[in-house]
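J.: this one's sequence-less:
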């Protein structure tokens, strides 16, 4: 193999890698995140295994699909019903 063949091979690998990176970046931005708003809950499996015999925990978390109900979950209980005051 000559030096020219090695240089051409390295350039070809770099071009293929760049093209694959650009294609992956375009397809990753097209995939939607989250879920569509609506009624009911979405179930998320939060189980994990820490390895060994019987290690880990199991569980399912419910997340509402209603955006208003989801936002209310982040408001402290003592703040519900009060209006936000600015300047104090």
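T.: Thanks, I have the structure now. All figures in this text were calculated on a predicted structure; none of them were measured in a lab.

J.: How far away from the center of its chain is the helix ranked longest in the chain?
T.: Criterion DSSP state H: the longest helix present in the chain is helix 3-30. Relative to its chain's centre, helix 3-30 lies at 26 Å (CA atoms, centre = their mean, to the nearest Å).

J.: What's the separation between the residue positioned nearest the centre of the chain and residue 67?
T.: The geometric centre of the chain, computed from its C-alpha atoms, lies nearest to residue 33 (CA atoms, centre = their mean), at 6.6 Å. Here residue 33 is placed at a distance of 14 Å from residue 67 (CB to CB, to the nearest Å). Placement of C-beta: from N, CA and C, glycine included.

J.: Could you do residue 35 as well?
T.: Taken as CB to CB, the span from residue 35 to residue 67 is 11 Å.

J.: shaky segments in this protein?
T.: For the chain, applying pLDDT under 70 flags the ranges 1, 27-32, 80-88.

J.: For the residue lying closest to residue 59 once chain neighbours are set aside, give me its contacts.
T.: Ranked by CB to CB, 6 or more residues apart in numbering and with sequence neighbours excluded, the top spatial neighbour of residue 59 is residue 46, at 4.9 Å. Applying CB atoms under 8 Å, 6 or more residues apart in numbering, we find residue 46 in contact with 59-61.

J.: again, only using 10 Å
T.: Residues in contact with residue 46 (CB atoms under 10 Å, 6 or more residues apart in numbering) are 57-61.

J.: where does it fall, phi/psi-wise?
T.: phi -110, psi 20 (degrees, to the nearest 10).

J.: Likewise for the one 4 residues further on?
T.: Reported as degrees, to the nearest 10, the phi and psi values for residue 50 are phi -90, psi 10.
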